[in-house]
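Asks: build me a model:
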Amino acid sequence: MSIQAALKAREEALAPALEQSLRRAAERVPGFAARLAEADLSVDEVCRPGGLGALPVLSKDELVERQQADPPDGGMLAADADVARWFQSPGPLYEPQLEGADWRWGQALADVGVGGDDVVINCFGYHLSPAGAMLEQGARSVGAAVVPAGIGNQDLQARAIADLGVTGYVGLPSYLKALIERFDGLDGVGADRWRLERALMTAEPLPESLRAVIAQRVPMARMAYGTGETGLLAWEPAGEDPPAGHGMVLADGVDVQVCEIGTGRPVTDETEGEVVVTLLRSDYPLVRFGTGDLSGWTLGPDGSLRLRGVLGRTGAAVKVRGMFLHPRQVAAVMEGVEGVADYRFVIERVDHVDQLRCEVVPAAASGGEPGAGATTTGPDGEALARRVADRVREGLRFSARVQVVEALSPGDGPVVDVRDWS
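Replies: All right, here's what the predicted structure looks like:
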């Protein structure tokens with residue numbers, strides 16, 4: 001089967017549910033009706049075979065702008081939508097979790113063997129960001145018990161793995177490596193108390209060197225791909241030895257496209273493009289939502305349509321420790337720090353862990369050039385570093401090592417990514 005034929009088969013399978021969702025959304029949700037009107041499209045036109053691609057892609061930045069113009073949801077929620085939780089992502093972008101919403105993570109967890117006999121430690125954050133709640137829902141949907149560990153307190157988490165007989169993990173691959181190391185360092189805990197056999201990892205790349213380390217302790221460890229706005233989109237199947245090069249199987253119940261960057265036209269071959277998602281919900285019709293992630297199509301051994309994983313980003317935001325860092329939000333936070341003339345954030349990778357360094361140039365001591373006459377060391381420099389670190393932690397929800405410098409390298413932007421993923 002060709003990619004084009006596989007795309008057509010998936011489109012035909014999703015067509016009834018997609019059409020029902022779009023027609024109801026056009027009646028229930030003012031923001032979606034407005035998008036159709038702005039594009040001079042009728043709901044009949046977008047419901048035709050291939051018609052959805054005529055609707056312009058909704059970028060994260062545009063969604064943020066719509067929310068700011070019409071808070072809190074930009075007119076994208078039905079009046080009777082039952083909102084269970086609100087999440088906040090960088091932008092800020094507010095994401096509703098609706099009562100009864102299925103974010104599909106249970107599909108991937110079931111495939112890797114997680115079920116009713118398992119205890120899963122969930123090492124995604126539960127505060128403001130959606131990942132913790134999403135993965136907990138997925139684990140509960142397959143009957144597993146959940147340890148809501150979040151991020152941090154690794155010694156306590158390692159102890160819980162031993163004491164509770166934890167058998168499953170969801171979180172960053174780098175965080176799993178750190179937990180393995182903490183477990184091995186526990187006093188009086190033998191290797192026989194490590195029972196963790198299954199892991200579903202996401203939110204950062206998994207280089208083969210790190211995959212090999214994890215495989216020594218976790219025999220069934222697979223990567224998944226999803227976003228905070230859309231839930232699970234694809235995952236590495238359990239029945240193939242990764243990296244088999246056959247891509248990620250697509251989740252059921254969601255429309256996924258790969259689209260040309262700039263035009264938004266759906267791609268029907270192996271050309272790379274932006275992942276664009278449509279949720280099959282009429283109460284929150286996230287339709288043709290641009291994730292900003294770069295991917296491409298491939299075929300599995302059985303001829304099924306698959307994504308080639310996340311190949312990069314199309315926008316300005318970068319993902320650090322599983323969370324997005326957006327230059328616009330960085331600027332808003334740093335403008336409020338007194339005594340800073342210039343700055344940049346440098347993202348590094350040390351022992352498979354993301355490290356964030358914030359370099360700041362102090363304001364001139366007496367009206368001269370930035371850094372001139374200012375103190376980069378001593379009490380003044382230390383006080384500035386503390387102010388910046390506190391502001392970054394509060395405003396961006398990141399911890400960063402702050403370095404006070406006399407000048408920055410010319411030509412660098414506010415966020416510089418120098419990570420080596422080998």
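Asks: how about the helices in the protein?
Replies: 3-28, 30-38, 43-47, 60-69, 105-111, 131-141, 154-163, 173-184, 208-215, 327-334, 378-396 (DSSP state H).
Asks: out of those, which is closest to residue 148?
Replies: For residue 148, the closest of these is helix 131-141, at 6.5 Å, according to Cβ to Cβ. Using the backbone N, CA and C atoms, a C-beta is placed for each residue, glycine as well.
Asks: give the buried residues for the closest one.
Replies: 131, 132, 133, 134, 135, 136, 137, 138, 139, 141 (16 or more other Cβ atoms under 10 Å).
Asks: of these, which is the nearest to residue 120?
Replies: Distance to residue 120 across the buried residues of helix 131-141 (Cβ to Cβ) is lowest for residue 139, with 4.6 Å.
Asks: hmm, that closest one is touching residue 170, no?
Replies: Yes: here residue 139 lies in contact with residue 170, judged by Cβ atoms under 8 Å, at a distance of 6.8 Å.
Asks: where do the contact lists of these two overlap?
Replies: Listed as contacting both residue 139 and residue 170 by Cβ atoms under 8 Å, 6 or more residues apart in numbering are 105, 109, 120, 122.
Asks: go ahead and confirm residue 35 touches residue 57.
Replies: No: using Cβ under 8 Å as the test, residue 35 is too far from residue 57 to be in contact (10.6 Å).
Asks: please, where are all the strands along the stretch 251-400 of the chain?
Replies: 254-259, 273-279, 289-295, 297-299, 305-307, 312-313, 318-320, 323-325, 340-350, 353-362 (DSSP state E, counting those that start in this stretch).
Asks: what is the rounded mean pLDDT of the shortest one?
Replies: Okay, so that is strand 312-313. Here strand 312-313 scores 84 as its mean pLDDT.
Asks: give me the pLDDT for residue 242.
Replies: Here the pLDDT value assigned to residue 242 is 80.
Asks: count of neighbours near it?
Replies: By the criterion of other Cβ atoms under 10 Å, residue 242 has 17 neighbours.
Asks: got phi/psi on the closest residue to it other than its chain neighbours?
Replies: Among residues not flanking residue 242 along the chain, residue 236 sits closest, at 5.0 Å (Cβ to Cβ, 6 or more residues apart in numbering). Per-residue torsions, residue 236: phi -70, psi 120 (degrees, to the nearest 10).
Asks: contact partners for residue 236?
Replies: Contacts of residue 236 by Cβ under 8 Å, 6+ apart are 222, 223, 224, 242, 248, 249.
Asks: let's see 10 Å
Replies: Applying Cβ atoms under 10 Å, 6 or more residues apart in numbering to residue 236 gives the contacts 108, 111-112, 200-201, 206, 221-225, 242-244, 246-249, 306, 309.
Asks: quick one: residue 265 from residue 42, how far?
Replies: Counting by Cβ to Cβ, to the nearest Å, the separation of residue 265 from residue 42 is 20 Å.
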